[in-house]
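Asks: task: produce atomic coordinates for the following.
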Amino acid sequence: MEQTGVKAFLRRKNVNLTVRTYLIDALGAMAFGLFASLLIGTIFATLGEKSHVELFNTIANYAKGATGAALGVSIAYSLQAPQLVLFSAATVGIAGNDLGGPVGAFVATIVAVELGKIVSKETRVDILVTPGVTIISGVVVAQVAGPGVSAFMNAFGNLVKTATEMQPFFMGILVSALIGIALTLPISSAAICIMLSLDGLAGGAATAGCCAQMIGFAVMSFKENGVGGILAQGLGTSMLQMGNIVKNPKIWIPPTLVSMITGPIATMIFHLENIPAGSGMGTCGLVGPIGIYTAMGGGASMWIGIILVCFVLPAALTPIFGEILRKIGWIKDGDLKLDL
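Replies: Numbers count the residues shown, from 1 in each chain. Got it, this is the predicted structure:
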């Protein structure tokens, strides 16, 4: 009876202790928070550096400075936090990001928001209790857990980056395929790359994988989805195909194979590098290529690499693999159709 009572109370307070809630919904919303602050700030910083327009640098500084608050609010929004909890999450996000980076903000905000939801409107002094509990619990978690989780993620990210530098062929394949798959799954590849601080050659391989999925699906499904499908997937997200992948997982084979080709091309031939904010974005808003430019600063090899790895090779190779699978009956007409 007691367990049932607890479950009923949590359900009434809209606290859903599920993997989907935290690792799909919250992580996905976190990516939007990052895009609205750190990512857009990085783009403006690049514009300011290259154009020498001071306004761009000013905007970049403000946008980057808002990263913690944007993370807190975006995560709280995904958890359907009440107003006082939602607004208090800005403070928690700042503390979490300062003490533990994006992962610290993620952990601290989730704990704070769920506790804030539990006490919300349970007392006559809700205006004090709800933000107080939310902020105090979030800051305490940020102080206790932030440095540890940040150190672990940085260490793991450094391991991936070092391994990529030592074994650019095999790690180019692995990183490109895994991050590309993450981009298409209903989780955030951008958040993962930023959490791991994935830059350098590993960032370049991650970008290759993301572009292979986005451009690959866009071109391979042109027969079903036309120009709208190319724009929606090529500049938006290949996650749109997730419903079709569930129905027929074989449609995922062509872009994943292409990512395993373009990954080592990025690391070994063009030595493409990226910044963490651009590594997991692919061609979404052209953030991936912009990140490569930010990391490398130009040069003929860089531009040729961006054109081939991010656009030409995925657009050329994915339909070839797709046509092979169509001929053997693994992919049928309509399998890639989107409701656009």
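Asks: and the pLDDT at A26?
Replies: Note on A26: pLDDT of 88.
Asks: what about it, neighbour count?
Replies: Residues near A26, counting by other C-beta atoms under 10 Å, number 22. Where you see a C-beta, it was placed from the backbone N, CA and C, and this is true even at glycine.
Asks: repeat that for A182.
Replies: The number of residues near A182, taken as other C-beta under 10 Å, comes to 21.
Asks: which element is it on?
Replies: Here A182, judged by DSSP states H and E, is contained in helix 168-184.
Asks: contacting residues around the nearest residue to K161 once chain neighbours are set aside?
Replies: Among residues not flanking K161 along the chain, A202 sits closest, at 4.6 Å (C-beta to C-beta, 6 or more residues apart in numbering). Neighbouring residues of A202 by C-beta atoms under 8 Å, 6 or more residues apart in numbering: 160-161, 164, 171, 175, 279.
Asks: switch the cut-off to 10 Å
Replies: Contact analysis of A202 by C-beta atoms under 10 Å, 6 or more residues apart in numbering lists 157-165, 168, 171-172, 174-176, 179, 193, 196, 267, 273-274, 276, 279.
Asks: any idea which helix or strand carries it?
Replies: Going by DSSP H and E, A202 is in helix 200-220.
Asks: other SSEs contacting the helix or strand hosting V6?
Replies: Element membership for V6 (DSSP H and E) is helix 2-12. For helix 2-12, the packing partners by 3 or more C-beta pairs under 10 Å, 6 or more residues apart in numbering; DSSP states H and E come out as helix 83-119.
Asks: in the helix it packs on, what's buried?
Replies: The neighbour-count check on helix 83-119 (16 or more other C-beta atoms under 10 Å) flags 84-97, 99-119 as buried.
Asks: and after the helix holding A202, which helix or strand comes next?
Replies: Beyond helix 200-220 toward the C-terminal end (DSSP H and E), the next one is helix 222-234.
Asks: just checking, what packs against that following helix?
Replies: By 3+ C-beta pairs under 10 Å, 6+ apart, helix 222-234 packs against helix 200-220, helix 313-327.
Asks: return the helix or strand following it as PDB; C-alpha atoms alone will do.
Replies: For helix 222-234, the following helix or strand on the C-terminal side (DSSP H and E) is helix 242-247. The C-alpha trace of helix 242-247 is given here as PDB (Å, rounded to 0.1, in the frame of the first residue of the first chain):
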ATOM      1  CA  MET A 242      13.300   7.000 -36.800                       C
ATOM      2  CA  GLY A 243       9.800   5.800 -37.200                       C
ATOM      3  CA  ASN A 244      10.700   4.200 -40.600                       C
ATOM      4  CA  ILE A 245      13.800   2.600 -39.000                       C
ATOM      5  CA  VAL A 246      11.600   0.900 -36.400                       C
ATOM      6  CA  LYS A 247       9.500  -0.500 -39.100                       C
END
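Asks: in stretch 332-339, which residues are buried?
Replies: Neighbour-count burial for stretch 332-339 flags 335-336, 338 (criterion: 16+ other C-beta under 10 Å).
Asks: now do stretch 220-230: everything it contacts.
Replies: So stretch 220-230 is contacted by 214-215, 217-219, 231-233, 236, 238, 240-241, 244, 251, 254-255, 258, 314-315, 317-323, 325-326, 331, 333-340 (C-beta under 10 Å, 6+ apart).
Asks: okay, now the unreliable bits of the stretch 201-340 of the chain?
Replies: 340 (pLDDT under 70).
Asks: low-confidence regions, the stretch 1-150 of the chain specifically.
Replies: 1-4.
Asks: list the contacts of the nearest residue to L272 once chain neighbours are set aside.
Replies: Residue nearest to L272 in three dimensions, not counting chain neighbours: G204, with 3.4 Å by C-beta to C-beta, 6+ apart. Residues in contact with G204 (C-beta under 10 Å, 6+ apart) are 164, 168, 172, 175-176, 198, 263, 265-267, 270-274, 278-279, 288, 291-292, 295-296, 305-306, 309.
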